[in-house]
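Undergrad: Quick one: sequence plus predicted model below, questions after.
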Amino acid sequence: MAKIFKTKLTAATIVLIPACIGINYLGKLFASLLKLPLWLDSIGTCIGACLGGPIIGGLCGAVNNIVFGLTTGDNITLIYALTSLGIGIAVGIMARCGFMKSFPKAMLTAVVGGTAAVCISTPLNIMFWGGTTGNVWGDALFAITQAKGMSVGMGSFLDELVVDVPDKLLTLIIVYLILKGLPQKLTSLYDVNAEIERLD
């Protein structure tokens, strides 16, 4: 377990964090301006998680929410720093366990990341917004569930599910393709076992 959370704090990692936060920021801003039915705010988080591990991924996600919320006045984003933290940790753990080495495994990582987002966000949605997410597709489904007499909890869960899982699937497809395109010399800078391998 300690190896999964091992973090290599080097110049490369320190540069990676603001770069990933910037990618998250632009993705969220792009989705917000175009009113897309997806968030697109976890691409940088997942890149950071896959390269730097769960702690770096969680940090990239949480800090992005804080920066975005403070610079745009979007206070809702601040609350979901917890969700972004959870996504980064979940994806980082999966990546450390080898689940970004093939496309099918990357899709499983996306499901795990999406599930983490749903489980963390649903209680927040109920607590602060009566169960809605602020997403057009998800809230339309929430309205249908409430009209059908479903509980707020189930309606909010489904609301979040139909947005977060597709969002993370698209996110991890993009991340998988980016990582595959990176030269090995670059990705090896983030290998926590690189120092041990050189001593063998």
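TA: Arrived safely, thanks for sending.
Undergrad: which one is residue 130 nearest to, not counting chain neighbours?
TA: residue 152 (7.1 Å; CB to CB, 6 or more residues apart in numbering). All C-beta spots, glycine's among them, are computed from the backbone N, C-alpha and C.
Undergrad: what separates the one you found from residue 16, distance-wise?
TA: Per CB to CB, to the nearest Å, residue 152 is found 40 Å from residue 16.
Undergrad: between these two, who's got more neighbours?
TA: The neighbour count for residue 152 versus residue 16, taken as other CB atoms under 10 Å, is higher for residue 16 (20 against 16).
Undergrad: which SSE is the more buried one in?
TA: Assigned by DSSP states H and E, residue 16 belongs to helix 11-33.
Undergrad: Just want the angle from whatever helix or strand comes next after that helix to helix 11-33.
TA: On the C-terminal side of helix 11-33, the closest following helix or strand by DSSP H and E is helix 43-52. Using axes from the mean of the first three to the mean of the last three CA atoms, to 10 degrees, the direction of helix 43-52 lies 160 degrees away from that of helix 11-33.
Undergrad: Which elements pack onto helix 43-52?
TA: Packed against helix 43-52 by the contact rule (3 or more CB pairs under 8 Å, 6 or more residues apart in numbering; DSSP states H and E) you find helix 11-33, helix 54-72, helix 81-96, helix 152-181.
Undergrad: Export those helices as a markdown table, with columns for distance to residue 125 and mean pLDDT.
TA: Putting these into a markdown table (distance: least, CB to CB, whole Å; pLDDT from 0 to 100) gives the following:
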| stretch | distance to residue 125 | mean pLDDT |
| --- | --- | --- |
| helix 11-33 | 17 | 94 |
| helix 54-72 | 15 | 95 |
| helix 81-96 | 10 | 98 |
| helix 152-181 | 5 | 96 |
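Undergrad: Pick the most deeply packed of those helices.
TA: helix 81-96 (a mean of 25; mean count of other CB atoms under 10 Å).
Undergrad: What lies in contact with that one?
TA: 3-4, 24, 41-42, 45-46, 48-50, 52-66, 69, 100, 108-109, 112-113, 115-117, 119-121, 124, 168, 172 (CB atoms under 8 Å, 6 or more residues apart in numbering).
Undergrad: Mind doing that once more with 7 Å?
TA: Identification of contacts with helix 81-96 by CB atoms under 7 Å, 6 or more residues apart in numbering yields 4, 42, 45-46, 48-50, 53-54, 57-62, 64-66, 109, 112-113, 116-117, 120-121.
Undergrad: ok, then the element right after it?
TA: Scanning onward from helix 81-96 (DSSP H and E), the first element met is helix 103-129.
Undergrad: so that next one versus helix 54-72, what angle?
TA: Helix 103-129 and helix 54-72 are oriented at 50 degrees to each other (the same axes, to 10 degrees).
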